[in-house]
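**Q** Test case, fold it:
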Amino acid sequence: MGVIHKIGRRKTAVARVYVTEGTGKITVNKKELATYFPTATLQYKVMQPLSMTENAENFDVNVNVYGGGITGQAEAVRMAIARAMCEANAENRGILKPEGLLTRDPRMVERKKFGQKKARKRFQFSKR
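**A** As a prediction, the model looks like this:
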């Protein structure tokens with residue numbers, strides 16, 4: 001097996017993942033996983049596809065991620081890793097698909113409209 005390259009997206013975050021056989025080391029933007037994603041929740045999200053397919057110790061993952069916030073980036077990385085696990089072994093698809101890890105979340109921020117305060121909030125109207 002060579003290098004598996006996959007892309008995951010969430011909101012405006014884009015993650016490029018390079019998966020190789022190894023010892024379970026995860027590097028995000030040239031930093032360790034625990035340094036880049038400091039909270040346990042975000043680390044769990046990133047590790048979810050690896051732990052569900054029982055491959056946490058079998059692959060080294062190198063990630064380049066940009067755009068969006070920290071949660072969107074973590075979910076983009078999760079999607080890219082899930083796609084890579086499906087390419088590594090086709091049987092993993094049956095494990096990851098029911099959990100929704102292979103589904104692209106299409107929700108984006110609604111744009112602000114002119115004449116309004118925000119996307120849906122209007123300016124206050126006072127009748128005097």
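**Q** For the residue most central in space within the chain, give me the backbone phi and psi.
**A** Against the mean C-alpha coordinate of the chain, by Cα atoms, centre = their mean, the closest residue is residue 76 at 1.8 Å. Dihedral pair for residue 76: phi -70, psi -40, per degrees, to the nearest 10.
**Q** Would you confirm that it contacts residue 17?
**A** No - contact criterion Cβ atoms under 8 Å: residue 76 and residue 17 do not qualify, at 9.3 Å. (Each C-beta comes from the backbone N, C-alpha and C, glycine too.)
**Q** which neighbours do these two share?
**A** residue 8 (Cβ atoms under 8 Å, 6 or more residues apart in numbering).
**Q** show me where this structure has strands.
**A** Remark: strands assigned in the chain by DSSP state E are 4-10, 13-21, 26-28, 31-32, 59-66.
**Q** The shortest one pairs with which strands, parallel or anti?
**A** According to DSSP bridges, strand 31-32 has the following sheet partners: strand 26-28 (antiparallel).
**Q** Show me what the strand it pairs with is in contact with.
**A** 32-33, 36-37, 46-47, 60-63, 65, 77.
**Q** Pull out the buried positions in it.
**A** Buried residues in strand 26-28, counted by 16 or more other Cβ atoms under 10 Å: 26-28.
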